[in-house]
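Peer 1: dropping the sequence and predicted coords here.
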Amino acid sequence: MTMEKLRTLRKQKGYTQQQIADIIATDVSNYNRKENGEVKIFDDEWEKLAKVLDVSVEDIKEDRPATVVQNLTFNDSSSNTSNQSGNYNQYCNIPEYLLESQQEYIKLLKEQITLLKAENEKLKKK
């Protein structure tokens, strides 16, 4: 969901995305993702934005729909040290269209694996 209130007000006040990104201490590509609703804008960032745009937080803040959070656990024994268990939790906000695309690709790969296994069995029997 695009943060239309934020984008409109930023443009009305004559700020570029780069200028706003500098104010909230991020790079312009990350700010662009925030403005497009792909990355969460944290409360402290909303406060900075409201201050620079000379409005209240309530005037610009828009509620975001819930996003999918992937919990990826990696068990890599090669990187273990005595102080690490080898489990790493990484939380990511992944846009829905990327998840759908990857799920379609996984489905295609599974179908190909099934066909290749069947072909392999036929060749073994010869």
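Peer 2: Thanks, I have it.

Peer 1: N36: neighbour count?
Peer 2: 13 (other C-beta atoms under 10 Å). No exception for glycine: its C-beta is placed from N, CA and C like everyone else's.

Peer 1: neighbours around the residue lying closest to it once chain neighbours are set aside, how many?
Peer 2: Distances taken as C-beta to C-beta, 6 or more residues apart in numbering place T2 nearest to N36, at 5.6 Å, with adjacent residues excluded. Other residues lying near T2 total 11 when counted by other C-beta under 10 Å.

Peer 1: show me the contacts for T2.
Peer 2: When contacts are counted by C-beta atoms under 8 Å, 6 or more residues apart in numbering, T2 touches E35, N36, G37.

Peer 1: ok, Y105 to T114 distance?
Peer 2: 15 Å (C-beta to C-beta, to the nearest Å).

Peer 1: nearest to R10, of the contacts of T2?
Peer 2: Set against R10, the nearest of the contacts of T2 by C-beta to C-beta is E35 (7.8 Å).

Peer 1: I'd say that closest one and K5 touch.
Peer 2: No. Counting by C-beta atoms under 8 Å, E35 sits too far from K5 to count as a contact (10.5 Å).

Peer 1: did I read that right, the residue nearest to N36 in a strand?
Peer 2: No. Per DSSP: H, G, I helix; E, B strand; the rest coil, T2 lies outside any strand segment and is coil.

Peer 1: quick check: pLDDT value at it.
Peer 2: T2 is assigned 72 on the pLDDT scale.

Peer 1: ditto for the one 5 residues further on
Peer 2: pLDDT recorded at R7 is 92.

Peer 1: chain neighbours aside, what residue packs nearest to it?
Peer 2: The shortest distance from R7 to any residue other than its chain neighbours is 5.5 Å, reached at E35 (C-beta to C-beta, 6+ apart).
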